[in-house]
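S.K.: Fold the following and give me the result.
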Amino acid sequence: MLAEKEKYYYGTAAPKIDYDVYENNKVLKAKKRQKKNNKVKLKAVFCILIFFLSFSQIIYMYAQITEMDYKLNKDNKELNEHKNENVRLRLEIQKNLDLNRIREIAQTRLDMQKPDKHQIIYVNVPKTDFTEIPEKNDGTSKGSLLSYVESIFSSLD
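M.R.: Below you'll find the model as predicted:
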């Protein structure tokens, strides 16, 4: 029954004619084949274009990675140079902090000498150190921590 429906146009009793124009006409057949070939060529060009773009993107990413790697190596090399310079400077500072060397430089280059007994002046400094907390009586209890902190901040003003 399905085969019978395909033999007629829908809604009419007119039978379908199985006449293919492209089969009988050589020019139309060639045009049809050319159109099909053009579609295949267009698909091939499109696929090649997508492949080229994908490949270009991959190459670009690897180029970026390589550039970052070069920059990282350069920065690491510079960092190592700075670390070596710091170690060298620390060693030089330690070498220059030797008291005998300082004494020698002071005596030879700067013509310094130890003071005589009459050039020494002694200063008496008291050994006790104390802090005075001002007493402020504004109605609060003297023993509370809050009043103590307030008195400190008020003395700063």
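S.K.: got any ranges where this protein has weak pLDDT?
M.R.: The chain contains residues with pLDDT under 70 at 1-5, 8-9, 13, 16, 18-22, 135-144, 157.
S.K.: now for the longest helix that it contains, which elements pack on it?
M.R.: Longest among the helix segments of the chain by residue count, using DSSP state H, is helix 26-96. On a contact count with 3 or more Cβ pairs under 8 Å, 6 or more residues apart in numbering; DSSP states H and E, helix 26-96 meets helix 21-24. Every residue, glycine included, has its C-beta placed from N, CA and C.
S.K.: Can you give me the neighbour number for Ile48?
M.R.: Ile48: 10 surrounding residues under other Cβ atoms under 10 Å.
S.K.: separation between it and Lys114?
M.R.: Distance of Ile48 to Lys114, computed by Cβ to Cβ, to the nearest Å: 92 Å.
S.K.: now swap in Ile50 and tell me
M.R.: 89 Å.
S.K.: What of Lys26?
M.R.: For Lys26 relative to Lys114 (Cβ to Cβ), the value is 124 Å.
S.K.: if we can go back for a sec, next, the angle from the next helix or strand after the longest helix of the chain to helix 26-96.
M.R.: The helix or strand immediately downstream of helix 26-96 is helix 99-108, counting by DSSP states H and E. Orientation check (axes from the mean of the first three to the mean of the last three Cα atoms, to 10 degrees): helix 99-108 against helix 26-96 gives 70 degrees.
S.K.: Quick one: name whatever helix or strand follows helix 99-108.
M.R.: Counting by DSSP H and E, what follows helix 99-108 is helix 145-156.
S.K.: Just the buried residues of that next one, please?
M.R.: By 16 or more other Cβ atoms under 10 Å, the buried positions in helix 145-156 come out as Ser147, Ser151.
S.K.: before we move on, what about stretch 105-122?
M.R.: The neighbour-count check on stretch 105-122 (16+ other Cβ under 10 Å) flags nothing as buried.
S.K.: Residues in contact with that stretch: which ones?
M.R.: Stretch 105-122 has contacts (Cβ atoms under 8 Å, 6 or more residues apart in numbering) with no other residue.
S.K.: ok, back up a step: can you give me the offset of the longest helix of the chain from its chain's centre?
M.R.: Here the centre of helix 26-96 is set off from its chain's centre by 19 Å, with Cα atoms, centre = their mean, to the nearest Å.
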